[in-house]
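J.: Predicted coordinates and the sequence they were generated for:
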Amino acid sequence: MPDRPSTPATRPPPRRASLSVDVVLLTPLGRRLTTLLVRTGDPRAKERWELPWDTMRAEETLEDTAARLARATLGAGPALIGQIGAFGNRRRHPSGAAVSVAFLGLVPAGAPAPVGGDTAWFPADEPPGLAPRVRAMLDGALAAVRTRLDREPIAFRLLPATFTLSQLQEIYEILLGRRLHKASFRRALHAAWLVEPTDEWRSEGRGRPAQLFRYAPRKRRGGRRGVRFDVLGG
């Protein structure tokens, strides 16, 4: 069985730690970006929800701890996980740790969600009340996603191997938190040379079937491959 985090029934009140590792797990649900939160096990806590967190075990690196924590929380590893930074500045954290190292984990759309009363998905831009440092880490993860979106294949990590351009645009809109002009998006996508068509088609409602594409970036001079969102209308 996968190693799973302690539940409120077994987790003691937060212990004092010098450093915590926290994971911000994000996935699209409907047309919103959501984050996975864990119910706190401390009945004295002001905030009832927190990010999945733990301390490092012997011989673990920060990355090892984050990967273990993500697998334990989800039951499987995320599509992508990476460090976004260290947070402190005397902002309160459930562990009491002086410093927290935050990691971002992306979970593909449609992936099975954890079940049970100890974890739940919340809108990432409207979470329940969180401890100040926890909220800062969530906000930092959202900022990191939007900053890296035009130069890293973040959107493609949330999609199956083949997808329609409408599906891809919807993922970009969810991650950006705003609507994009369809024609402008497709022109920018074509200019970025990030996708290639397949021989497969899929029906999308009553209209004509839509062609499926795959992520297949082509090399180009200049080294930059990304969708220029600054030129896309809302």
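T.: Cool, got the structure.
J.: Quick test: name the residue nearest the centre of this protein.
T.: Nearest to the geometric centre of the chain sits Leu26, at 2.7 Å (C-alpha atoms, centre = their mean).
J.: helices and strands around the helix or strand where that residue lies, which ones?
T.: Secondary structure assigned from DSSP states H and E places Leu26 in strand 19-29. Here strand 19-29 touches strand 32-39, strand 53-54, helix 62-74, strand 99-106, helix 132-148, helix 165-176, going by 3 or more C-beta pairs under 8 Å, 6 or more residues apart in numbering; DSSP states H and E. C-beta coordinates here come from the backbone N, C-alpha and C atoms, glycine included.
J.: now the third one against strand 19-29, angle please.
T.: Here helix 62-74 runs at an angle of 50 degrees relative to strand 19-29 (axes from the mean of the first three to the mean of the last three C-alpha atoms, to 10 degrees).
J.: Now do the buried residues in helix 62-74.
T.: Thr65, Ala66, Ala67, Arg68, Leu69, Ala70, Arg71, Ala72, Thr73, Leu74 (16 or more other C-beta atoms under 10 Å).
J.: again with the first one
T.: Residues of strand 32-39 classed as buried under the neighbour-count rule (16+ other C-beta under 10 Å) are Leu33, Thr34, Thr35, Leu36, Leu37, Val38, Arg39.
J.: need the contact list for the nearest residue to Thr65 once chain neighbours are set aside.
T.: Leaving aside its chain neighbours, Thr65 sits nearest to Val21 (4.4 Å; criterion: C-beta to C-beta, 6 or more residues apart in numbering). For Val21, the contact set (C-beta atoms under 8 Å, 6 or more residues apart in numbering) comprises Trp53, Asp54, Thr55, Met56, Leu62, Thr65, Ala66, Leu69, Ser100, Val101, Phe103.
J.: gap between the nearest residue to the first one once chain neighbours are set aside and Glu63?
T.: It refers to Trp53. Using C-beta to C-beta, 6+ apart and skipping residues adjacent in sequence, the residue nearest Trp53 is Asp22, 4.3 Å away. According to C-beta to C-beta, to the nearest Å, Asp22 and Glu63 sit 13 Å apart.
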